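[1] Provided below are the primary sequence and the corresponding predicted coordinates.
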Amino acid sequence: MTVDLAALYEVEGMSIREVAEHIGSTYTLTRKALIRAGVEFREPAVRPETLDRAEHFAELYHGGLTVRSVADRTGYAYGTVHRGLTLVQADMRDRHSRRRKAVVH
């Protein structure tokens, strides 16, 4: 019996990790097999708590705090705060407090 990895990922909606566990393989080998099968990967899911945290960062930032100040106040690293602001597409300011749009990577 052969297992259709692409169907498990695309039709059944399993994650790469779930497919790997289902077939008794590693994440890396399963991902490589899916690439060879021509699977187009989904965007990574964002955990609700990550989105909630990012929205909290945006509230503080839009309240006038700098990215660094948000990081200091919340105890998260500068990069974590910046990624969170980018995630929620916050209207960003440059170093001179001029508004600019967050770059989505």
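    All right, it came through fine.

[2] what sits up against stretch 73-81?
    Residues outside stretch 73-81 that contact it (C-beta atoms under 8 Å, 6 or more residues apart in numbering): R53, H56, F57, L60, Y61, L65, V67, R68, V70, A71, G84. For glycine as for every other residue, the C-beta is placed from the backbone atoms N, C-alpha and C.

[3] again, but for stretch 53-64
    Identification of contacts with stretch 53-64 by C-beta under 8 Å, 6+ apart yields 67, 69-70, 73-74, 76, 81, 83-85, 87-88, 90-91.

[4] buried among those? Make that a ChimeraX selection.
    The buried residues among these can be selected in ChimeraX (16 or more other C-beta atoms under 10 Å) with this line:
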select :67,70,74,76,81,83,84,85,87,88,90
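
[5] in helices, which of the contacts of stretch 73-81 fall?
    Mapping the contacts of stretch 73-81 onto helices (DSSP state H) picks out R53, H56, F57, L60, Y61, V67, R68, V70, A71, G84.

[6] mark which of these are buried, thanks.
    Buried members of the ones in helices among the contacts of stretch 73-81, scored by 16+ other C-beta under 10 Å, are R53, H56, F57, L60, Y61, V67, V70, A71, G84.

[7] what about the closest residue to the last one other than its chain neighbours, neighbour count?
    This points to G84. Leaving aside its sequence neighbours, G84 sits nearest to A54 (C-beta to C-beta, 6 or more residues apart in numbering; 3.4 Å). Neighbourhood size, A54 [other C-beta atoms under 10 Å]: 21.

[8] state the distance from A54 to M14.
    According to C-beta to C-beta, to the nearest Å, A54 stands 27 Å off from M14.

[9] residue contacts, the residue lying closest to F57 once chain neighbours are set aside?
    Leaving out its chain neighbours, the residue that sits closest to F57 by C-beta to C-beta, 6+ apart is G84, at 4.4 Å. Going by C-beta under 8 Å, 6+ apart, G84 touches T50, R53, A54, F57, A58, Y76.
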